[in-house]
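S.K.: Predicted model and sequence follow; I will ask about them next.
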Amino acid sequence: MNTKLLHMEDCYLKEFDAKIINRGDNYVVLDQTAFYPLGGGQPSDQGTLNGIKVTEVRKENGEVRHFLEKPVEGEEVHGVLDWERRYAFMRMHTAQHLLSGIVIGMKGSETAGNQIGRDYSRIDFRPFRPDEKEVELIAGKFNEWVDKQVPVKIYFSTRKKVMEEVDEKRRVLFSRLPEFIKEIRVVEIEGIDRVPCGGAHVANTKEIGHINIIRTENKGSDTTRMVFGLE
């Protein structure tokens, strides 16, 4: 992949300049981009390149393709993110990490799947069968971590170092990464969660807002889906 993903080091970058290194009928590939490509349960960013709307960004055939409403002229572009959309996903994605960290800490349940949305998101936990009181307790703990205003750190570390530092529950997550990945991007909410992630996140739990757990659904014999929104 020849495109440098700028969000990996700066999730708050709203505008950027880039060169077009490849193009198709309805997309361009850039040498660098602040647009987040679809993946990891997080939808892609939208915005504009030289004023032309970017409808979706996807990884295809080893490229990060920016799909456009109409062709863009020239070889250089100025990109502008739809920041309201991006920031909503950043809050939701960090909320997912915080919620997953609380549940694995309380119940030992792993996150079996997730989908980030703008207005609400969902996480599948396994094994997990909470009653109403447990759901209330989880929501209460979540809001406590938000009110604590805990830093969210993003950094790169070697596989060996991370595997030595994390607890056994989270070591499984890192061990699932392909062996050829030696340097890992880590997202850490200090004191509650530390996992590998390539997504976009806020810098402090205070930015997430309080949680509203809308409902829980049974998804199989030992899996529960938790649907939530943010205030």
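M.R.: Right, received. Where do you want to start?

S.K.: Residue ranges in this protein under the pLDDT threshold?
M.R.: Residue ranges of the chain with pLDDT under 70: 1.

S.K.: Tell me how it divides into domains.
M.R.: What the record gives for the chain is the domain set 4-81, 86-230, from automatic domain parsing.

S.K.: ok, longest helix in the protein?
M.R.: Using DSSP state H, we find that the single longest helix of the chain is helix 83-107.

S.K.: Contacts made by the very next helix or strand once past that one with the rest, please.
M.R.: For helix 83-107, the succeeding helix or strand toward the C-terminus, using DSSP states H and E, is strand 110-115. Outside of strand 110-115, the residues that reach it under the criterion Cβ atoms under 8 Å, 6 or more residues apart in numbering are 41, 96, 100, 103-104, 121-126, 169, 172, 223. Heads up, the C-betas are built off the backbone N, CA and C, glycines and all.

S.K.: could you give the angle of the very next helix or strand once past strand 110-115 to strand 110-115?
M.R.: Reading on from strand 110-115 to the C-terminus, the next helix or strand found by DSSP H and E is strand 121-126. Interaxial angle of strand 121-126 relative to strand 110-115 (axes from the mean of the first three to the mean of the last three Cα atoms, to 10 degrees): 150 degrees.

S.K.: thinking again about what came up before, which of the residues in the longest helix of the chain are buried?
M.R.: Within helix 83-107, the residues scored as buried using 16 or more other Cβ atoms under 10 Å are 86-104.
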